[in-house]
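Asker: sequence and computational prediction follow.
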Amino acid sequence: MWSLIFFVCLAALFSVGCAGVGRTTSPPPASKTGGDELVEEARQISAKDGLLEARDFLTVKLAERDDSNGAMERRFERASTDKEFVYPDSLAALPLAERKRIGIAFIPGMRAKAGKEESKPVAALRAAAKETEKLGMDAKLIPAIGRGDVDKNAAAMAESIREVFERNDKVILLAKSKGAHDLIYFLRNQGTAFPEAQRQKLCGVCILAGTVQGSYVADWFSRNWNPWAIGARASLLLTGKGGQISMLKSVADSPWIGVTNGFPLDTYPNLTWINLAVLPEGEDGRASGKEWSKFYSDHIQKTNGWESPSDSLVETAAEVLPGSIDVPEWIIRVRGNHAFPSGRFLDGAPITPNTKPLEDGMNPAAGGEIMDAFLRSLPASILR
C-alpha cells in the first residue's frame, strides 16, 4: 500500500514539474460554491488589482456590514488590552444570579483530535469554557468527531446542545473554524425541532475565523484536478480515510445553500450573530506566521490559479454571513492567520497580550484570555 502511495505522490511531483503553476486569468465565480457578492468582489479585485487592494476593500466593506457600527470591535479590543477593565453593561458585570442562567456551548473545528491527544484548538476552547465557568456561567465543550462529516457532527452534538438549552434561560453558541459548518447545519436541521420556547433562548452565535461561506482550501483538496490535490485524495483513499473527501466537499460549499427566506430569525427570533473575521497581515496581502501546513499552503497558492485575501484556510470575505441572510450581525476585524489568537487588531495591538505563543505554535491558554475579554466586552443587551 505504501509503495502505491509513494508512486502516486511521485507522479504528482513529476506532473507539477511539467505543468508549472498553471494560473488562470480569472477566479471561479463565488456562486459556484454558494459564496455571495462580497466573496465575488474580493476575488475580482484580487485578480485585477492585487491582494493588497482587495484587503483594503474588505477592511472597509466589513465595517459597512457591521450592524454594531464598530462598537463590538472597539469594546473587544479595549477589554483585550486592559485585563482589569469590565464594561458596566457587559455580561461579566451582570449579577451572579443572572450569569448562572446563561449557557455557552463551545463547538470545535476540524481538528477535534491531534492523534490520541486533544488538539491545541480544542484545548483553547476548553480553556475558554473554564474561563466562562469562573464567571458563574454554564459552559459546555461539545464533543465532536475529528474530521467528521458535517451532518454526522451536527447530529452527534445535538443532544449535548439540547442539554444546554434545557438548563439555562439564555444560550450562546460559539464555534471555531469548520465548527461553523457543523453549527449552521445543526441550526438548519436538528435545532428546528427544538420547542419554540427553547429556540427563543438562543440569543447569540459567535463564529471565530469560521467557514461561514465555505473554505477554498477544502474545495482545492476535494475537487481540484491539480496533481497534488489528486495525490492527496488518493492518499486518503488508500489509507482508509476516503470519508474525509466527502467531508471536505461539504466544507468547501457554503452551508447556507438552499436556505429558506426568513431564516434564521423565523426560527430563532432573538438571535444576534457575531463573526470574527481575519484579514491577512502579510506585507504581500497573504497570511503569514505558523500555518496549518506551509507545504500545502504554498502549493495551493501556486496551483489554484487565483487568490483572494484569506487567513490561509478561509477567504476573509467568506468569514461573514451572506448578504442575503437577514439577522443582526456584529463583526470584529483582526489581522493575522487562521490561528488568530497570535494576531493583532487593526491598530497593531495584540489580541492576546498576556499569553506568550509556544515555539510550535498557538498557546491554548490564549483561549481563556480571549474568552475573558469577550465576556467583559459583550453587551448584556444581547440577552434581550
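Answerer: Nice, thanks for sending it over. All values reported here derive from a predicted model rather than from experimental measurement. Numbering: from 1, shown residues only.

Asker: need the contact list for Ala218.
Answerer: Ala218 sits next to 211, 248-249, 251-252 when contact means CB atoms under 8 Å, 6 or more residues apart in numbering. Every C-beta, even on glycine, is put in place using the N, C-alpha and C of the backbone.

Asker: now which of the residues you listed would you call buried?
Answerer: Taking 16 or more other CB atoms under 10 Å as the criterion, what is buried in those is 211, 248-249, 251-252.

Asker: so which of the residues you listed sit within helices?
Answerer: Mapping these onto helices (DSSP state H) picks out 248-249, 251-252.

Asker: would you turn those into TSV with distance to Leu313?
Answerer: Converted to TSV, those look like this (distance: CB to CB, whole Å):
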residue	distance to Leu313
Leu248	12
Lys249	16
Val251	10
Ala252	12
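
Asker: pick out the most distant pair among the contacts of Ala218.
Answerer: Thr211 and Lys249 (12.5 Å; CB to CB).

Asker: for stretch 69-84, buried residues please.
Answerer: Using 16+ other CB under 10 Å as the test for burial, stretch 69-84 gives 72-73, 75-77, 79-81.

Asker: secondary structure of Arg75: a strand, I assume?
Answerer: No. Looking at Arg75 with DSSP: H, G, I helix; E, B strand; the rest coil, it is helix, so not inside a strand.

Asker: when you give positions from now on, start the count at 493
Answerer: In the new numbering, first residue 493, that becomes Arg567.

Asker: tell me the contacts of it?
Answerer: Arg567 sits next to 579, 582, 869-871 when contact means CB under 8 Å, 6+ apart.

Asker: just give the nearest non-adjacent residue to Phe866, would you?
Answerer: Ranked by CB to CB, 6 or more residues apart in numbering and with sequence neighbours excluded, the top spatial neighbour of Phe866 is Phe568, at 6.5 Å.

Asker: and the one you found, how far is that from Ala857?
Answerer: Remark: distance between Phe568 and Ala857 (CB to CB, to the nearest Å) = 18 Å.

Asker: of the contacts of Arg567, closest to Phe686?
Answerer: Among these, Leu870 lies closest to Phe686 (CB to CB), at 23.2 Å.

Asker: what about that closest one, neighbour count?
Answerer: Using other CB atoms under 10 Å, the number of residues around Leu870 comes to 25.

Asker: which residue is the nearest non-sequential neighbour of it?
Answerer: Leu583 (5.0 Å).

Asker: correct me, but Arg570 touches Glu576?
Answerer: No. If you go by CB atoms under 8 Å, Arg570 and Glu576 don't touch, sitting 11.3 Å apart.
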